[in-house]
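Chemist: need a structure here:
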Amino acid sequence: MALLPIIETPDPLLRQISTPVETVDDDLRALIADMFETMYAAPGIGLAAIQVGVPKRVLVIDLQEPEEEGGDPVRDPRVFINPEIVWASETLQSYTEGCLSVPDQYAEVDRPDRIRARWLDEQGKAREQELDGLLAICLQHEMDHLEGILFIDHLSRLKRDMVLKKLAKTRKELAKRAA
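Modeler: Numbers count the residues shown, from 1 in each chain. Okay, here's the model as predicted:
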């Protein structure tokens, strides 16, 4: 397994539409293992292949819910290959989202609170399930990446510009400290 570099906005690769996976094989499983290692190290709860420079319709999620107060998080790694949403509720839920490709920036995004999704798992087996809560939100966020969409694209132009200005300021400050 290897840590992969995470691509950050404004890299144009993040705007590329990912292509479907044709074959679930050992090479793909190696990529998935590297994606999990990269996501855990970041740290994050979701990562799409395009965020590590691979324009394939693959994403990994692990909400890493804490077992008990102060305990280590319980890992529940989930793999979604060629995911699609086949139904979404009309009820929206507002959630403060962040993204490893838009580091240290957060904003409220409204998304359907329940979805029914279909995908292939790591073994190539077809899955379909109704999802809600944070898992539904996270899956929608990561699936946006497969279409070249970032969470900031769901914001008003004013809010998006504010997030991007804060990101630029943070990068400038980090560059000064590194010099």
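Chemist: is it true that H145 touches P55?
Modeler: No - using CB atoms under 8 Å as the test, H145 is too far from P55 to be in contact (10.1 Å). C-betas here are computed from N, CA, C, even on glycine.
Chemist: and these two? Which one has more around it.
Modeler: Ranked by neighbour count (other CB atoms under 10 Å), H145 and P55 place H145 first, with 23 against 15.
Chemist: ok, back up a step: overlap in contacts, H145 and P55.
Modeler: Taking CB atoms under 8 Å, 6 or more residues apart in numbering as the contact rule, H145 and P55 both touch S18.
Chemist: next, the buried residues of stretch 152-172.
Modeler: Buried residues in stretch 152-172, defined by neighbour count with 16 or more other CB atoms under 10 Å: 152, 154-155, 160, 163, 167.
Chemist: and K56, what does it touch?
Modeler: So K56 contacts 18-21, 28, 31, 49-50 (CB under 8 Å, 6+ apart).
Chemist: now the strands for this protein?
Modeler: 46-48, 58-61, 65-66, 73-74, 78-88, 92-99, 102-112, 114-120, 126-132 (DSSP state E).
Chemist: which helices and strands sit right next to the second one?
Modeler: Taking 3 or more CB pairs under 8 Å, 6 or more residues apart in numbering; DSSP states H and E as the contact definition, the neighbouring helices and strands of strand 58-61 are helix 26-41, strand 46-48, strand 78-88, helix 133-146.
Chemist: mind redoing it with 10 Å?
Modeler: When contacts are defined as 3 or more CB pairs under 10 Å, 6 or more residues apart in numbering; DSSP states H and E, strand 58-61 sits against helix 26-41, strand 46-48, strand 78-88, strand 114-120, helix 133-146.
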